[in-house]
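Undergrad: just coords:
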């Protein structure tokens, strides 16, 4: 149980294009999902908290117009990197909190984005 | 604010050696504590957790005890395997916001 998937697992795009990453909770309902960014050999940096049916809450320093988050259902959240640039290349990881718990997050396998 | 401090890696051990990865924390309130493991090229997997003082979390031979008096949650395993090679993250949550605060991660390399 408690499986979270991400799609795609990796993507290469040209500078200036937009990329959408999906995060799905497969066997539970997630009222809250989180998006993280991880740089090589570093810890995870929380980008935003996504709540089903409402606007995402972004961490300080994260551009909300660049990283668009939509949480349209209890099992799906999407992160769209708009007008991507090489510095946006990173490993993006989502997590989902089972609405039946208050503390445990389950993580997706991550999406590696490379912007050329 | 909340913070998690982990021992710096990499930690290199021979197979069947004893493992300890230190983790200490500062937090407001009473946090829940977690260890996550990240295998190469993958996302994080929950390894174990403890939600109150003196609780012991255990899974796959790993264990960690929530020590409130020393604000620690050290990860231990009696006999590591090559397949345990990964990056281990200590983390905590306080309150209802569910924001995880991560340590910087400790890379473990187990050799034959």
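TA: Thanks, I have the structure now. It should be emphasised that the depicted structure is a prediction, and the values quoted were computed from it without experimental measurement. Numbering: from 1, shown residues only, chains lettered A, B, ... in the order given.

Undergrad: so which residues on chain A come close to chain B?
TA: A:4, A:6, A:32, A:34, A:41-44, A:46, A:49, A:93, A:95, A:97, A:102-110 (C-beta under 8 Å from any C-beta of the partner chain). Backbone N, C-alpha and C define where each C-beta goes, glycine included.

Undergrad: which element is the spatially most central residue of chain A on?
TA: Residue closest to the average C-alpha location in chain A (C-alpha atoms, centre = their mean): residue A:35, at 3.6 Å. Element membership of residue A:35, judged by DSSP states H and E, is strand A:30-38.

Undergrad: for the helix or strand of chain B with the lowest mean pLDDT, what is the distance to the chain centroid?
TA: When the helices and strands of chain B are compared on mean pLDDT, DSSP states H and E, strand B:101-102 comes out lowest with a mean of 90. Its chain's average C-alpha position is 11 Å from that of strand B:101-102, according to C-alpha atoms, centre = their mean, to the nearest Å.

Undergrad: what do you get for stretch A:76-84?
TA: The answer for stretch A:76-84 is 8 Å, by C-alpha atoms, centre = their mean.

Undergrad: buried set for it?
TA: A:76-79, A:81, A:84 (16 or more other C-beta atoms under 10 Å in any protein chain shown).

Undergrad: ok, now stretch A:51-66?
TA: A:52, A:56-58, A:62.

Undergrad: and if you look at stretch A:33-48?
TA: Buried residues in stretch A:33-48 (16+ other C-beta under 10 Å): A:33-38, A:43-48.

Undergrad: any chance of CSV for those residues, columns pLDDT and distance to residue B:6?
TA: Shown next, in CSV, are these (pLDDT from 0 to 100; distance: C-beta to C-beta, whole Å):
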residue, pLDDT, distance to residue B:6
A:33, 93, 25
A:34, 94, 20
A:35, 96, 23
A:36, 94, 17
A:37, 94, 19
A:38, 88, 15
A:43, 81, 9
A:44, 85, 13
A:45, 88, 16
A:46, 91, 17
A:47, 95, 22
A:48, 94, 24
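
Undergrad: and the furthest pair within these?
TA: Spanning the widest gap among the buried residues of stretch A:33-48 are A:33 and A:43, at 19.1 Å by C-beta to C-beta.

Undergrad: chain A contacts on chain B?
TA: Residues of chain B lying near chain A (C-beta under 8 Å from any C-beta): B:32, B:34, B:36, B:41-46, B:49, B:51, B:89, B:93, B:96-100, B:102-105, B:107.

Undergrad: among those, which ones are buried?
TA: The buried subset of the residues of chain B next to chain A - by 16+ other C-beta under 10 Å - is B:32, B:34, B:36, B:42-44, B:46, B:49, B:51, B:89, B:93, B:98-100, B:102-105, B:107.

Undergrad: so which of those belong to helices?
TA: Among those, none falls in helices (DSSP state H).

Undergrad: just the strands in chain B please.
TA: B:3-6, B:11-14, B:19-21, B:23-26, B:32-38, B:44-50, B:56-59, B:62-65, B:75-77, B:86-93, B:101-102, B:106-111 (DSSP state E).

Undergrad: could I get those as CSV with distance to residue A:21?
TA: As requested, the strands of chain B are exported to CSV (distance: least, C-beta to C-beta, whole Å):
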stretch, distance to residue A:21
strand B:3-6, 26
strand B:11-14, 32
strand B:19-21, 31
strand B:23-26, 30
strand B:32-38, 18
strand B:44-50, 16
strand B:56-59, 29
strand B:62-65, 30
strand B:75-77, 30
strand B:86-93, 21
strand B:101-102, 20
strand B:106-111, 26
